[in-house]
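Trainee: based on what follows, work out the 3D shape:
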Amino acid sequence: MKYLGNIKVTLLKERQEYRDLFSPLTESEYTDLRGSIQKGGIVNDLIVEKSSEGYVVLSGHHRKAIAEELGIEQVPCSLAETPEEIVEALFDNASRRQMTEAERKAKIQEKEEIQDHFFEERLIPEIYDLYKQGKIDKESIDEFLDTSPEVQKSILLCLSVERPVVPKEILQKHEQEIADIQGRFHESLAKERGKLQAAEAEKRKAEEALMKNSEELVEIRERAEKTLAKYEKNKEQITKEVKKEVEKELEDLKKERETREAAIKAKQDKIAELNGEIESFKNRIYGYESQVALWRHEIARVSELYNHSIAYYSNPALLEVQLQVISEYVESLVRFSECHKWDGEAARTVERYQKSIDDLLRKLVQRVKANQKEAVSLEESEKTIAAQKDGNLKAAPATS
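Mentor: Predicted coordinates for the structure are as follows:
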């Protein structure tokens, strides 16, 4: 807790949730406190926290109110800097009030809940879970509270915590399954796009035929109107045979017009049907593209988990520590050998173990070189899938 000295009352802010933690003083208690302050001043510091609002009162709301009533311009204050100090200050009144045992237990429970809430806000979920499981105590958790999430993650990675490792065989099987599914999606996608292009081409032909029929219908109407006008003009002079001929021509034109109108309507219906199919194809293509995007995300997630595991277990320090121990032990044997006299059997024993150790070290070097870690990423997976496309993917069963 840091002592701040006297702070102007006008600079102190209050929060309703802090005031509501404890019930107000009774009238007699408030009168006694007021009389004590009027007589001897404020003895106990108000405890505050620093926020964007300024200084916020944690403990001392009644003392602040009495200071305002009595015209006291400045009051002594101390600053709570850590979450633990803030929680202690909020429940400072628990030691000052007359409460029953049940009320005191309830306040202790409430204090622990608020403290856990402070920890949850300032810790990354992994460290907070370890705290809740009892694997990190409250004293140790303070070391994490003032650090950024990135620093907390770095510290967590340095802890000796067992991490799950994705076996290479499972990862390869998973990548092959993803490649097969993605290949089938690409194949289905290509088919649907081909159907879409065919439908659009058919639609264009239907529209061209509709336009041609419309033009022919206009021509027929014009011819009919001209024939009708000619008939109306000369019907008094034309013979019965001419009249029958003209009427027959008009009837033929009427039938031709009806035929053209029916053809136009059929084309319009066909265009509407094709538009529906085109929209259906577009929706299915969008669905395939969405599923491909989900699989890309899954590859990235599994690759990240695999790389994290490999990065941990391929750390040279895992070998270096053991080799350093062996080296130091052999070095101590060398120093020990200088202090004694040895017979011939001791020399032969050393030579036998020298050969054995040399063989084991050569095997260790060979296996470390042979088992180099592989970089697994979304880009590498896509390269693998592209390389397999002409082989395994062609053999994959197609699904609709």
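Trainee: quick check, pLDDT for residue 98.
Mentor: For residue 98, the pLDDT comes out at 54.
Trainee: please disregard the earlier target; I meant residue 111.
Mentor: Residue 111 is given a pLDDT of 67.
Trainee: so where is this protein shaky, pLDDT-wise?
Mentor: 92-113, 115, 117-118, 138-146, 156-168, 171, 231-242, 310-313, 373-400 (pLDDT under 70).
Trainee: for it, which segments count as helices?
Mentor: 16-19, 27-40, 61-70, 83-90, 101-122, 125-132, 138-145, 149-158, 168-234, 240-313, 316-337, 344-370, 378-388, 392-395 (DSSP state H).
Trainee: show me the one of those that comes nearest residue 77.
Mentor: helix 61-70 (9.8 Å; CB to CB). C-betas here are computed from N, CA, C, even on glycine.
Trainee: do I have it right that residue 55 meets residue 9?
Mentor: No - under the criterion of CB atoms under 8 Å, residue 55 makes no contact with residue 9, lying 10.5 Å away.
Trainee: joint contacts of the two?
Mentor: The contact sets of residue 55 and residue 9 do not overlap (CB atoms under 8 Å, 6 or more residues apart in numbering).
Trainee: now for residue 50: which residues touch it?
Mentor: Applying CB under 8 Å, 6+ apart, the residues near residue 50 are 56, 79.
Trainee: recalculate using a threshold of 10 Å.
Mentor: Listed by CB atoms under 10 Å, 6 or more residues apart in numbering, the contact set of residue 50 reads 2, 4, 56, 79, 80, 81.
Trainee: quick check, nearest of those residues to residue 122?
Mentor: residue 81 (13.2 Å).
Trainee: surely that closest one touches residue 49?
Mentor: Yes - at 8.2 Å, residue 81 and residue 49 qualify as touching, with contact defined as CB atoms under 10 Å.
Trainee: which of the two has more neighbours?
Mentor: residue 49 (20 against 13; other CB atoms under 10 Å).
Trainee: next one: that one relative to residue 216, how far apart?
Mentor: According to CB to CB, to the nearest Å, residue 49 stands 88 Å off from residue 216.
Trainee: same question for residue 78.
Mentor: 98 Å.
Trainee: more neighbours: those two, which one.
Mentor: Neighbour count, other CB under 10 Å: between residue 78 and residue 216, residue 78 has more, with 21 against 15.
Trainee: contact partners for the more buried one?
Mentor: So residue 78 contacts 1-5, 7, 44-48, 58-60, 85, 89 (CB under 10 Å, 6+ apart).
Trainee: mind running it again at 7 Å?
Mentor: Applying CB atoms under 7 Å, 6 or more residues apart in numbering to residue 78 gives the contacts 1, 2, 3, 4, 45, 47.
Trainee: ok, and the closest non-adjacent residue to the third one?
Mentor: Distances taken as CB to CB, 6 or more residues apart in numbering put residue 78 closest to residue 3, at 5.2 Å, once the chain neighbours are dropped.
Trainee: tell me which residues in stretch 57-69 are buried?
Mentor: 57, 58, 59, 60, 61, 62, 63, 64, 65, 66, 67 (16 or more other CB atoms under 10 Å).
Trainee: residues touching that stretch, excluding its own?
Mentor: 9, 12, 14, 18-19, 25, 30, 33-34, 37, 42, 46-49, 75, 80, 86, 89-90, 92-93.
Trainee: go on, stretch 254-273?
Mentor: Counting by CB under 7 Å, 6+ apart, 203, 206, 207, 209, 210, 213, 214, 216, 217, 220, 221 sit against stretch 254-273.
Trainee: next one: that stretch to chain centre, how far?
Mentor: Put simply, stretch 254-273 sits 55 Å off its chain's centre (CA atoms, centre = their mean, to the nearest Å).
Trainee: ok, the buried residues of stretch 57-69 vs residue 277, which is closest?
Mentor: residue 58 (69.2 Å).
Trainee: how close does residue 213 get to residue 276?
Mentor: 22 Å.
Trainee: alright, I will stop here.
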